[in-house]
Every structure is written in C-alpha cells, then in structure tokens.
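[1] this is a predicted model, with the sequence first.
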Amino acid sequence: MPLTRRAFLRAASAAAVLAPAAPALAGCGGTEDVPTVPFGARLPIPPLDQGTVETSDGGPVRTFRLAPQAGTHEYVPGKAAESMGYNGAYLGPTLRAARGEKVRIRIENRLSEATTVHFHGMALPAAADGGPHAMIDPGGSAAPEWTIDQPAATLWYHPHPHGSTEKQVGLGLAGLFLLDEAHDGGPAAALPHQYGVDDIPLIIQDRRLDGSGKVTFDPSGNSLGTLGNSIAANGTLGAVLPVTTQRVRLRILNASAGRWFRFGFADRRRFHMVASDGGLLAAPLELDAVQLSPAERAEIVVELRPGESVMLRSFAPDLGRVSPPDAFGGGRDFDVVRLDAAASLAPSSALPSAFGALPAPVEARTATSRSFTFSGRQINGRTMDMGRIDFTAAPGAPEVWFVDNVNPYQHNLHVHGVQFRLLDINGAPPPPERAGWKDTIPLLPRERNRIAFRMPRYADAEHPYMYHCHLLTHEDQGMMGQFTVGT
Ligand SMILES: [Cu+2]
C-alpha cells in the first residue's frame, strides 16, 4: 500500500527542513527533528577476521567466533543509541576464507533474545544456513560448518529469526564474509586487494533516527517498512574515506531493510563494476551508476586524482512505475561517503580487460520449471508457515524459476544456498550488471524475472532452504517459502 497522503506530506516536510550537510531523505516516515551530521568522520573499517585453523581428525578447519550481543552505538556524536553487534556493539568483523577450505563458525548468543546467523549467498548445507529454523536461544550456541565451494565473492551474514529480522539487522547485526580463490594468480589478482587500504568494505544502511539519535522503526505499516532519514556507512553518518592509491575497490553492500540505492559519484565520473553478488563479472563493466536493492552487493573500482575529493552519492533509483516515487524511497539524491585523495597517490595495477567467461546458465529445456507470484506479503497466495515445505528438489537439479511481481510497488527475491543467473526480465536480456552470479534480484512493479540455477548438492530431507523477499518488513510479515533438497 502506498503511504497515506498525510504521511507523504509529513515525510516531504521532514526532508525539507534538513540542513544541506545531512543526507536529506524522502519517504522517511515523518521525523521532524532529524539529527544532522556533517561529513568529516573517518570511515571505520570492520576488523578483518581470518579465524584460526583448528586441526582435528577431519583435517584443518578455519574457525571463527561470532557472539551477537547488545550495546550502544553513537550515530550522532555524544548521543548513544541502543544497538546490536557481533563481537562488539555494532556490525561485525569481516570474515575471510578461501575456496576449498573447511570453515566452522562458533556462535555464542549473548543477546537477551533468540537469533540466528544466516550466511547470505553461501553454497552450504541447509543445516548450516542459519535460516529461521536455526534459532539460538539467549546463552545458547551453535557451530555450523561446511566447505567453501564457490568462486571468490563478497558475501555477508545477518540474523534471520522469523518476524524480527528487520529489528535485529536494524540495530546493527550484519557483517561481510569475503571469499577468495584458493590460488589467486588470475586476472583478478590485478584488482586492488589490500583490505582497508585500497579494498574497502562499505556496508550501507539507512537508519530512522529520532531527535535524540536513537534508532526507530516505522510503526505506520509503510509498504516498504522503515525508510531511514540518515545514511550510515559502516555505522557512521557523514563518513570520509582517505584514499592513498590511484584506484580503490569498494565492496558495496546494501544492508538496508527497504531502501534502494543507485550508487554513483557526484561528478558523474565513470567507474568499473567488477563483481556482483556471487563473484566476478566476465569483464570489468564501465558504468556511471549501479542500483542495489536490499541485500545486493556490487564491487566497483574507481580512479582518483591526487588531492581531489569526490562524493559517493545515491541518485534517485529506478523503481519502475511507482507513484509517488518519494513514498517508496525513490525521489531524491543524497550523499553517502566522501572520498578524499591524498596529495600523492600510490600507483595501482591497470584493470584487466576481462576476467573470463562465466559458465552458461542451465538450459530451460532440461530444467524443472516453477512459477512464483509475489503479491502483497504472499508468494503464490501463501504466507510463510514454518511447518510447511513448499516443494522438494533433487540435489544439483537444474531449475528455472519464473518470478512475477504483480504489485504496483517493488519487491525483491533472495534464494538461500545458491548463486543463480538472471535469464531475462519481461523477456528481455538482463542489464550487464545483473548478468553474472546473483543471489538477490530486484523485482520491479509488474516485472517477470526468470532465473536459472542448480539446486544445492547437499541432500537433507529435514532442514529447508528459504526463498523470500529481502525487504525485511515483507520477510518478517511472511513473504517467504521453503524447500528441501532430497534424494
Ligand atoms: Cu517484498
């Protein structure tokens, strides 16, 4: 449902009173007293965690520890807000492992409520996936393990408790999980890869802050859930990234609940997108903007000149035929992170001209075909029932899904346990930025998207995988189904 006219006017007037220094956001749900934070704080870089290698009878296991916990976080300097984080008060470490390695995540829930840890984009057994069945009670623990079996990529982890995902992610539970190739001598080796120096994680989230700097959630039932009035990059408003190299790689994650971004630079300089959700594109793709719906990622490489400053901006996203666009977070441009180049920049390798062709998607004629209609908060006329398995597929089986959004506003689709390929949108080829490996795609109003993939190879009749809308309010309200992979 669109915002009421009154709520829309309230949102518009809230945006109008913001000082130019602050991200002035439309559709923010009517906060009249929005804190303004000028650009200036150094962008924090989440700590890199490569775990420790434990050796047992089964061989080496790269082991990580994640402890979800409550704390406080200052979005506005001097104003503490209730928060949640992994191993700290806000967000979590950047986990990193290589293809072929066995990993184990020792999770210890120090929250006062149950949670799960879902590994978004990871090819893994359903029992390790951290979906809503994998609840960990306060004081409880879990230790999912699997072997990394997919290309290098920027994945992430976040909670997935049915009905409270928006709240837990909104309070700060999210982190990146970077995958590397086992032997990195290919064309990707020329990409900037010094974590925190020229290879920068950017977790972008809108936050709805009240006048005291606290996080609030939209109680109005806005059709997209909470749309924030402030933009945090790695938890910081008005963040500045000092750049010391000629080229910098930004690994951008849209970790917002409902807001869509169209990232580019204020001077409209062009950049190269090098990877989508599940890994490298076939070749660097020159763009002046890349749109990301909630949970999507893009890796981009941008070149700077010594001494200059350039703003990473979000331009009004293309949300299809929504009206008015402001009510769906689409009406305005706003600033996200400022990049300040040093007076002298270290040289960077030239971008390779290609990374290598991706394998052809599975062919429709050999695949099981399924149809999913997204409408309201339902998929195929049903809301999520934890006790209902919607279908069962064979391990590794080829699948082609037709996914229709019949609503006049946006949804998106995430499938657990796999990376898929987008075959077409309303019968036309996908834009090149969505032609590579994907685990989440936008579903614009009245669009039909067709995707192809192979089912996970892990048979397990008991534990299901999820597919759902990743607008977190929709997900919490039950816009989700589940499947098992059987023999
Ligand atoms: Cu949705």
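    The structure has been received and is ready for your questions.
[2] ok, and the closest non-adjacent residue to residue 144?
    Leaving aside its sequence neighbours, residue 144 sits nearest to residue 128 (C-beta to C-beta, 6 or more residues apart in numbering; 3.6 Å). All C-beta spots, glycine's among them, are computed from the backbone N, C-alpha and C.
[3] what parts of the chain come near the ion?
    411, 469, 471, 474 (C-beta under 5 Å from the ion).
[4] what sits against the third one?
    When you say that, I think you mean residue 471. By C-beta atoms under 8 Å, 6 or more residues apart in numbering, the contact list for residue 471 reads 224-225, 257-258, 294, 410-412, 479.
[5] returning to that earlier point: so what's the residue count around the residue nearest to residue 144?
    Using other C-beta atoms under 10 Å, residue 128 has 24 neighbouring residues.
[6] shouldn't it be in contact with residue 117?
    No: look at residue 128 against residue 117 with C-beta atoms under 8 Å: they stay out of range, at 9.9 Å.
[7] common neighbours of these two, please.
    Common neighbours of residue 128 and residue 117, using C-beta under 8 Å, 6+ apart, are residue 144.
[8] spell out which residues make up each domain of this protein.
    Using automatic domain parsing, the domains assigned to the chain come out as 31-37+190-346, 41-183, 364-485.
[9] can you flag the weakest of those domains by average pLDDT?
    Confidence, taken as mean pLDDT, is least for domain 31-37+190-346 of those (a mean of 92).
[10] how far does that domain sit from its chain's centre?
    Relative to the chain's own centre, domain 31-37+190-346 is displaced by 11 Å; criterion: C-alpha atoms, centre = their mean, to the nearest Å.
[11] swap in stretch 79-93?
    Mean-position distance between stretch 79-93 and its chain equals 18 Å (C-alpha atoms, centre = their mean).
[12] may I see the buried residues of it?
    For stretch 79-93, the buried set under the neighbour-count rule, 16 or more other C-beta atoms under 10 Å, comprises 79, 81, 83-93.
[13] what comes up buried for stretch 179-187?
    For stretch 179-187, using 16+ other C-beta under 10 Å, the buried residues are 179-181, 187.
[14] show residues contacting that stretch.
    By C-beta under 8 Å, 6+ apart, the residues outside stretch 179-187 that reach it are 96-101, 148, 150-153, 155, 188, 352, 354-356.
[15] give me that answer again for 10 Å
    Residues from elsewhere that reach stretch 179-187 (C-beta atoms under 10 Å, 6 or more residues apart in numbering): 95-101, 103, 121-123, 148-155, 188-189, 191, 193, 274, 278-280, 283-284, 351-356.
[16] tell me which residue is most central in the protein.
    Within the chain, the residue whose C-alpha comes closest to the C-alpha centroid is residue 295; the distance, by C-alpha atoms, centre = their mean, is 2.4 Å.
[17] so that one makes contact with residue 416?
    No: taking contacts as C-beta atoms under 10 Å, residue 295 lies outside contact range of residue 416: 11.4 Å.
[18] identify the contacts common to those two.
    Residues touching both residue 295 and residue 416 by C-beta under 10 Å, 6+ apart: 120-121, 439.
[19] among those, who's most crowded?
    Sorting the shared contacts of residue 295 and residue 416 by how many neighbours each has (other C-beta under 10 Å) puts residue 121 first, at 29 neighbours.
[20] near the nearest residue to residue 114 once chain neighbours are set aside, how many other residues are there?
    Nearest residue to residue 114, sequence neighbours excluded (C-beta to C-beta, 6+ apart): residue 135, at 4.7 Å. Counted with other C-beta under 10 Å, the neighbours of residue 135 add up to 18.
[21] which residue is most remote from the mean position of the chain?
    Distance to centre of the chain, C-alpha atoms, centre = their mean, peaks at residue 57 (36.0 Å).
[22] in which helix or strand does the closest residue to the ion within the stretch 51-200 of the chain reside?
    The nearest approach of the stretch 51-200 of the chain to the ion comes at residue 166, 11.9 Å away (C-beta to the ion). Applying DSSP states H and E as the criterion places residue 166 in helix 165-171.
[23] how about residue 398, what does it touch?
    Counted by C-beta under 10 Å, 6+ apart, residue 398 has contacts 361-369, 452-455.
[24] ok, back up a step: tabulate the buried residues of stretch 79-93 (TSV), appending secondary structure.
    Shown next, in TSV, are the buried residues of stretch 79-93 (DSSP: H, G, I helix; E, B strand; the rest coil):
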residue	secondary structure
79	strand
81	strand
83	strand
84	strand
85	strand
86	strand
87	coil
88	coil
89	coil
90	coil
91	strand
92	coil
93	coil
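[25] surely residue 318 meets residue 328?
    No: in this structure, residue 318 is not within contact of residue 328 by C-beta under 10 Å, at 11.2 Å.
[26] give me the common contacts of the two.
    By C-beta under 10 Å, 6+ apart, the residues touching both residue 318 and residue 328 are 260, 410.
[27] what strand or helix carries whatever residue of the stretch 201-350 of the chain ends up closest to the ion?
    Residue nearest to the ion within the stretch 201-350 of the chain: residue 224 (8.0 Å; C-beta to the ion). Residue 224 belongs to no helix or strand when assigned by DSSP H and E.
[28] doesn't residue 294 make contact with it?
    Yes: using C-beta under 10 Å, residue 224 is in contact with residue 294, at 9.3 Å.
[29] anything in contact with each of these two?
    Joint contacts of residue 224 and residue 294 (C-beta under 10 Å, 6+ apart) are 256-260, 410, 471-472, 474.
[30] got the buried residues for the longest strand along the chain?
    If you go by DSSP state E, the chain has its longest strand at strand 334-346. Within strand 334-346, the residues that qualify as buried by neighbour count (16+ other C-beta under 10 Å) are 334-339, 341, 345.
[31] returning to that earlier point: which member of the shared contacts of residue 295 and residue 416 is positioned nearest residue 396?
    Of all those, residue 439 has the smallest distance to residue 396: 17.3 Å, by C-beta to C-beta.
[32] for that closest one, list the residues it contacts.
    120-123, 153, 155, 276-278, 295-297, 413-420, 453, 470.
[33] try it again at 6 Å.
    121, 277-278, 419 (C-beta atoms under 6 Å, 6 or more residues apart in numbering).
[34] find the nearest non-adjacent residue to the residue of the stretch 201-350 of the chain closest to the ion, please.
    residue 258 (3.7 Å).
[35] next one: residue 98
    residue 180 (4.5 Å).
[36] now the one you found: how far from residue 242?
    Counting by C-beta to C-beta, to the nearest Å, the gap from residue 180 to residue 242 is 25 Å.
[37] need the helices for the chain, in chain order.
    5-16, 165-171, 472-476 (DSSP state H).
[38] list the helices and strands the shortest one packs on?
    Spelled out, that is helix 472-476. helix 165-171 (3 or more C-beta pairs under 6 Å, 6 or more residues apart in numbering; DSSP states H and E).
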